[in-house]
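*Asks:* sequence below, structure please.
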Amino acid sequence: MSYKIGLLYGDGIGPEITKATEKMMKAAVKKYNISVEFPVYPMGWEGIEKYGAPVPDITKEGLKNCDAWVFAPHDSAAYPEEYRKLTNPSGTMRHYFDLYSNARPAKSYPGVKSRVGEADVVVFRENTEGIMPDRNMYKGWGEFMPDENTVILNGKFTRKATERIAHEAFKMAMTRRKKVAIIHKANVLQWSYGLFKSVCYEVGEKYYPEVEIEDYHIDAMAAHMVKRLGDFDVVLTTNLFGDILSDLAGELTGSLGLGPAINTNETQCMAQAAHGSAPDIAGRNIANPVGLMLSVVMMFEWMADKHQDESLRKAAILMQKAVLSVMKKGILTPDMGGRETTTSFTDAVVREMELLA
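*Replies:* Okay, here's the model as predicted:
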């Protein structure tokens, strides 16, 4: 079987870490004789300069024919004003392709100091609605100003969106420690977060009775994560809360630069690291590619399940083992306390793959 995996290099450190990840991927698919085409599509500043849009139509049309793609960070805050008013590239992709599930793991890694000891948690973030105004409307914008001193923000919470993200989280829990924590603010936002909380419980109790379910208010959960992140397994929450808690979990376990993530619908997967474009270090060859590399590992695992292809799973296992082995040896980029460049770290990963295969 042949696959098509798109590459979007993005802004800031995006080209550096995406090309590093591309090198690792190509070594893995070569090792297991997997037929993969890697088309490149413009996104971010490249899209603006060449086509007049951060995510131009040529990119959207091309990705329709891809099984998956690697989505680099973007620096939308620095775009010209007319583009800052638009949905940013991440929101555009999630909305256009209905990538409703955002899975963001955070765990303790070898060679990297964790602030909370041993931990291994996956945050599932509903990706298409909530109170994120750039992606919660079919048409228009969920935030507006009736006058210069007033802002009105609309939120959207639906049974359909809640059910499908709940199924994703509970399915993951069934493969792990069978624990799900639902995070909400139903004590104040009683109808919106109350619906989210109740539907998540309904899905869990009806379809996944083996899974232990608990729930926390968002403010309490932030404190619990700092004190005892290791007690949690799968965290299930809304768009905004998931964005915040996944970043917190990543930093607590060592570095946000390590945070992987995938965004999925029923048929496609987008690998996207949790961190941003870090323009302050762009072009210096010191960016940490681990977050994006491990996002690709997740992407290959998702594709292996989707297509029932064990060669993809073997490639995923090899890439993950190589990255973790290199880190355990103390080969680390500066953000993890090491001295390696992006290039030297990547080369070490590829060499390790040769040794492990």
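
*Asks:* can we go C-alpha only for contacts and neighbour counts from here?
*Replies:* OK.

*Asks:* distance from the centroid: which residue in the protein tops it?
*Replies:* Going by C-alpha atoms, centre = their mean, the residue of the chain most distant from its centre is Asp147, 36.1 Å out.

*Asks:* got the phi and psi for it?
*Replies:* phi -150, psi 180 (degrees, to the nearest 10).

*Asks:* got any ranges where the stretch 1-150 of the chain has weak pLDDT?
*Replies:* 133, 135 (pLDDT under 70).

*Asks:* repeat that with 90
*Replies:* 1, 84-87, 91, 95, 109-113, 130-144 (pLDDT under 90).

*Asks:* now do the strands in it.
*Replies:* 2-8, 35-37, 68-71, 101-107, 120-126, 143-147, 150-153 (DSSP state E, counting those that start in this stretch).

*Asks:* buried ones in the second one?
*Replies:* By neighbour count, and taking 16 or more other C-alpha atoms under 10 Å as the criterion, the buried residues in strand 35-37 are Val36.

*Asks:* contacts for it, please.
*Replies:* Residues outside strand 35-37 that contact it (C-alpha atoms under 8 Å, 6 or more residues apart in numbering): 1-5, 29.

*Asks:* want to throw these into TSV with distance to Trp45 and neighbour count?
*Replies:* As requested, these are exported to TSV (distance: C-alpha to C-alpha, whole Å; neighbours: other C-alpha atoms under 10 Å):
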residue	distance to Trp45	neighbour count
Met1	34	7
Ser2	31	8
Tyr3	27	15
Lys4	24	16
Ile5	21	19
Val29	30	17
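
*Asks:* rewinding a little: how about the strands of the stretch 1-150 of the chain, which one is nearest Ile213?
*Replies:* Between Ile213 and these, the tightest spacing by C-alpha to C-alpha is seen for strand 120-126, at 14.3 Å.

*Asks:* run through the residues that contact the residue nearest the centre of the chain.
*Replies:* Centroid check for the chain by C-alpha atoms, centre = their mean gives Ala261 as the closest residue, at 2.4 Å. Going by C-alpha under 8 Å, 6+ apart, Ala261 touches 102-105, 271-274, 291-292, 294-295, 298.

*Asks:* cutoff 7 Å now
*Replies:* 102-105, 271-274, 295 (C-alpha atoms under 7 Å, 6 or more residues apart in numbering).

*Asks:* apart from its chain neighbours, what residue comes closest to it?
*Replies:* Arg104 (4.5 Å; C-alpha to C-alpha, 6 or more residues apart in numbering).

*Asks:* that neighbour reaches Val121, doesn't it?
*Replies:* No: using C-alpha atoms under 7 Å, Arg104 is not in contact with Val121, being 8.5 Å away.

*Asks:* and those two? Which one has more around it.
*Replies:* Arg104 (29 against 22; other C-alpha atoms under 10 Å).

*Asks:* can you tell me how far the more buried one is from Asn33?
*Replies:* Separation of Arg104 from Asn33 (C-alpha to C-alpha, to the nearest Å): 29 Å.

*Asks:* and stretch 103-121, how far out from the chain's middle?
*Replies:* 16 Å (C-alpha atoms, centre = their mean, to the nearest Å).

*Asks:* my guess is Ser311 is in a helix, correct?
*Replies:* Yes: counting by DSSP: H, G, I helix; E, B strand; the rest coil, Ser311 is part of a helix.

*Asks:* now do it against Lys4, distance only.
*Replies:* In terms of C-alpha to C-alpha, Ser311 sits 15 Å off from Lys4.

*Asks:* sorry, back to before: per-residue pLDDT, the residue nearest to the centre of the chain?
*Replies:* We note a pLDDT of 96 for Ala261 in this prediction.

*Asks:* do you know how far it is from Met298?
*Replies:* In terms of C-alpha to C-alpha, Ala261 sits 7 Å off from Met298.

*Asks:* repeat that for Met353.
*Replies:* Counting by C-alpha to C-alpha, the gap from Met353 to Met298 is 17 Å.

*Asks:* can you pull out the helices in this structure?
*Replies:* 14-31, 45-51, 57-64, 81-84, 89-96, 159-174, 192-207, 218-228, 239-252, 290-307, 310-328, 342-356 (DSSP state H).

*Asks:* what's the most buried one of those helices?
*Replies:* helix 290-307 (a mean of 23; mean count of other C-alpha atoms under 10 Å).

*Asks:* from Met132, how far out is the closest residue to Phe232 other than its chain neighbours?
*Replies:* In space, and not counting its chain neighbours, Phe232 is closest to Val121: 6.1 Å by C-alpha to C-alpha, 6+ apart. Relative to Met132, Val121 is positioned 24 Å away (criterion: C-alpha to C-alpha).

*Asks:* just Ser192 next, same as before
*Replies:* 14 Å.

*Asks:* all set now, cheers.
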